[in-house]
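Participant: pasting the sequence and the predicted model now:
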Amino acid sequence: AGGAAAPPPRQCVLDPRSELRVEVPPDAPLRVRLVAGTAEIFGTELPPEGWVPIPPRSKIAIFTWHGATLELDGVTESEYPSEETPMVIYVNTHAILDARRARARAAAAQGGDLEASQGPRVIVVGPTDSGKSTLCKMLLSWAAKLGWKPTYVDLDIGQGSITIPGCISATPIEKPIDIVDGIPLEMPLVYFYGHPTPSINADVYKVLMKELAKTLERQFSGNAESRAAGMVINTMGWVEGLGYELLLNAIETFKANVVLVLGQEKLWKMLKDAVQSKPNIDVVKLQKSEGVVLRNSKYRQKTRSFRIKEYFYGIANDLAPHSNIVNFSDVSVYRIGGGHQAPRSALPIGAEPVADPTRLVAVNISTDMIHTVLAISYAKEPDEIISSNVAGFIHVTDVDIQRYAWEPALACGMWVFIICVCLEPTFFIPGRS
Ligand code: ADP
């Protein structure tokens, strides 16, 4: 890459409780091998032998509890060891959660009530780049390693790690998260918001959280095992004003009982005061890792584009989405919260027109839709859209007004009745390189 010759494979010896922090460039491959000892990447152990490819653009830490020798082969943007990590604090947190899971399981076995048999519902909060997603991954992988199947809930519509940006979603984690493939995607429950910014329509964001929580609650009530394992909830890095209000809303909606606050004293204090009347919620302040890499807004935007591309083409560029031509008459496209207000003439005298933020608006298919990503809803009727999760996404590559047909790239072949929702036509897919 870039003309510079790749450095030869090199070994690195890590002391106990230290980590090697590595940034992988966007275009050059890196692989890592464990030579001796044990090591893990964000809670998932490196296999005892064999090379592990580290995906491009990754920023990772390879941590060892008892010491390790590693071998690296390929280019990095930076690589340095550090002995200052909050890992002991994080694993102690995990141990407390583990004990609560065991207690919940024991209560369920003794026919305890729903409250007693509910494992920890952990919500991780903090400003952007405080290491929230990373801590979630560790807590999930450590729990899965012990045989629990906790549910990962990702409320971060900007930098979510389950599916494309603009969604909130949940999925059970049954084994430590794969270093290369990330969060498993067999059965995610996905609700489409359609924009990476919650303030565009915070009411819809709240409604979708409520729907997701309702569905999870239903699943938990029929499954003691996942109920005891509980949830780990990742949130957005927006912690001021409306962002803070949405955090409180999330805590309430998902009935979180453990709030982990990363890297901000003020936020911890505010949340602690806000929930002090509720004795069952622990608000815990945790140290942020110095290894967390700061990402500017341009970088974030790029990551979003890559996430969409990954959805259609796979992490290793190994998926091939097929194109389909669909007649206008075979699809209905809706937008939630179109912003159209009722005309004043239609209102009682004196009433002010207000836009209903959750109103469903039918969208006329037009060339404006080219390069948008639409979600395919499971809804059978339009009025079910807001409460329905989605089956997958399509990328509109062309709209042929002349022939009354349009050609979306279909990413999953499971649609039967198609209702598409788009909140904002904001997502563009970079071309396949
Ligand atoms: P947040 O969710 O709070 O925005 P992330 O957990 O996504 O933050 O962390 C930001 C970036 O830093 C990610 O790319 C993550 O992989 C990386 N990162 C986190 N912890 C470390 C670490 N100890 N060493 C190196 N990189 C890290």
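Facilitator: Yep, it's here.

Participant: what residues are up against residue 357?
Facilitator: Listed by C-beta atoms under 8 Å, 6 or more residues apart in numbering, the contact partners of residue 357 are 201-204, 337. To be clear about C-beta, it is placed using only N, CA and C from the backbone, and glycine gets the same treatment.

Participant: export those as CSV, with columns for distance to residue 326 and neighbour count.
Facilitator: As requested, the contacts of residue 357 are exported to CSV (distance: C-beta to C-beta, whole Å; neighbours: other C-beta atoms under 10 Å):
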residue, distance to residue 326, neighbour count
201, 27, 22
202, 33, 16
203, 31, 12
204, 26, 22
337, 25, 21
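
Participant: which residue does this structure have closest to the ligand?
Facilitator: Closest contact between the chain and the ligand, by C-beta to the nearest ligand atom, is at residue 291 (2.5 Å).

Participant: and that residue, helix, strand or coil?
Facilitator: Assigned with DSSP: H, G, I helix; E, B strand; the rest coil, residue 291 falls in the coil class.

Participant: I'd like the contacts of residue 357 as CSV, with distance to residue 267 appended.
Facilitator: CSV is the format used below for the contacts of residue 357 (distance: C-beta to C-beta, whole Å):
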residue, distance to residue 267
201, 24
202, 19
203, 24
204, 25
337, 29
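
Participant: show me which pair in the residues you listed is furthest apart.
Facilitator: Greatest spacing in those, by C-beta to C-beta: 202 and 337 (10.2 Å).

Participant: could you point out the longest strand in the protein?
Facilitator: For the chain, the strand with the greatest residue count under DSSP state E is strand 390-400.

Participant: got the residues of the stretch 151-300 of the chain near the ligand?
Facilitator: Residues of the stretch 151-300 of the chain lying near the ligand by C-beta under 6 Å from any ligand atom: 237, 289, 291-293.

Participant: could you flag which of these are buried?
Facilitator: 237, 289, 291-292 (16 or more other C-beta atoms under 10 Å).

Participant: ok, which pair from those is furthest apart?
Facilitator: Most distant of these, by C-beta to C-beta, are 237 and 291, 16.9 Å apart.

Participant: pLDDT-wise, which helix or strand of the protein ranks last?
Facilitator: strand 405-410 (a mean of 46; mean pLDDT, DSSP states H and E).

Participant: and the gap between residue 290 and residue 157?
Facilitator: Distance of residue 290 to residue 157, computed by C-beta to C-beta, to the nearest Å: 27 Å.

Participant: pick out whichever of those two has more residues nearby.
Facilitator: The neighbour comparison of residue 290 against residue 157 (other C-beta atoms under 10 Å) goes to residue 157, with 25 against 11.

Participant: ok, that one touching residue 164?
Facilitator: No - at 9.9 Å, residue 157 does not count as touching residue 164 under the criterion of C-beta atoms under 8 Å.
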